[in-house]
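Q: Sequence first, predicted model second:
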Amino acid sequence: MTTWFDEMMIEVEKKEEDRRLEMNKIRCDQVLQTIAVLEDKIAEVNDIATKERQIIDEWELSEAGKLHRQIDWLARQLEIFIRGTDQKSITLAHGSIHLRRGKPKVSVVDMDKFLPVGEKLNLIRQKPSVKEADLNAISVYIRRVGSPPPGIAYTPATVNFSFKTKGKGDEQQSTEVGSNGSADQVEAAAQ
């Protein structure tokens with residue numbers, strides 16, 4: 001049997017529990033609001049860091065570009081020097097400079113013009129279903145005769161400049177400069 005006092009105590013305990021739950025909900029909402037503010041701050045930090053990285057990347061590109069232009073100018077001076085000597089490579093205390101002869105380039109520009117002449121001169125490679133120009137045989141022919149056959153474009157071999165530097169701990173860094181000593185590559189196409 002429950003008395004009036006017991007009922008009142010149950011009611012007070014229920015109200016107290018409801019108030020505690022309500023306080024917990026309010027507290028949870030405040031915690032969520034705090035988390036949202038912290039997430040906004042994280043986004044702000046990430047945004048600032050991204051902007052700073054972009055500034056640093058732009059600075060890095062600018063500074064590296066300046067240094068590469070200096071290296072290019074100095075490499076050109078080395079190339080002028082070695083081309084003025086009769087040597088193909090020079091080894092020095094901080095690295096070496098080299099001249100290396102490349103390969104000539106042969107390409108077929110007009111197969112119809114080339115085919116009759118190529119067959120007569122044995123410059124065609126026969127495959128079961130296809131006739132192809134034999135570029136090695138064409139190169140040998142051009143060296144022997146001095147001019148390319150009709151329909152062939154010929155770019156003579158170039159002498160390329162390169163240098164190697166000794167870095168920290170005698171590590172070698174190699175760089176080949178695309179300069180070939182002339183302003184333009186000569187390309188001859190036979191008529």
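A: Looks like it came in fine. Here the structure is a predicted model, which means the values were calculated and not measured. Residues are numbered from 1 along each chain as shown.

Q: So, low pLDDT: which residues of this protein?
A: Scanning the chain for pLDDT under 70 picks out the ranges 1, 169-191.

Q: who are the neighbours of the lengthiest helix in the chain, in terms of helices and strands?
A: Ranked by residue count and defined by DSSP state H, the top helix of the chain is helix 4-83. Here helix 4-83 touches strand 95-101, strand 159-166, strand 172-177, going by 3 or more Cβ pairs under 8 Å, 6 or more residues apart in numbering; DSSP states H and E. Using the backbone N, CA and C atoms, a C-beta is placed for each residue, glycine as well.

Q: deepest of those, which one?
A: For the helices and strands packed on helix 4-83, average neighbour numbers computed from mean count of other Cβ atoms under 10 Å are highest in strand 159-166, which has a mean of 18.

Q: domain ranges for the protein?
A: Domain ranges of the chain: 1-84, 88-189, per automatic domain parsing.

Q: thinking again about what came up before, by how many degrees do the longest helix of the chain and strand 95-101 diverge?
A: 70 degrees (axes from the mean of the first three to the mean of the last three Cα atoms, to 10 degrees).

Q: if we can go back for a sec, the helices and strands packed on helix 4-83 into TSV, with extra columns for distance to Glu7?
A: Converted to TSV, these look like this (distance: least, Cβ to Cβ, whole Å):
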stretch	distance to Glu7
strand 95-101	99
strand 159-166	95
strand 172-177	92
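
Q: Minimum distance to Asp112: which of these has it?
A: Closest approach to Asp112 among the helices and strands packed on helix 4-83 (Cβ to Cβ): strand 95-101, 33.0 Å.

Q: neighbours of Pro149, just the number please.
A: Pro149 sits with 21 neighbouring residues when counted by other Cβ atoms under 10 Å.

Q: residues in contact with it?
A: Shown in contact with Pro149 (Cβ atoms under 8 Å, 6 or more residues apart in numbering): Phe114, Val117, Gly118, Leu121, Leu123, Ile138, Tyr141, Ala190.

Q: Can you tell me the closest non-neighbouring residue to Gly118?
A: Spatially, and ignoring its direct neighbours in sequence, Gly118 is nearest to Ile124 (4.6 Å; Cβ to Cβ, 6 or more residues apart in numbering).

Q: so what's that neighbour up against?
A: Leu115, Gly118, Lys131, Glu132, Ala133, Asp134.

Q: what sits against the first one?
A: The contact partners of Leu115, by Cβ under 8 Å, 6+ apart, come to Ile124, Lys131, Gly151.

Q: bridging residues for the first one?
A: So the one you mean is Ile124. In this entry, Ile124 is beta-bridged to Ala133, by DSSP bridges.
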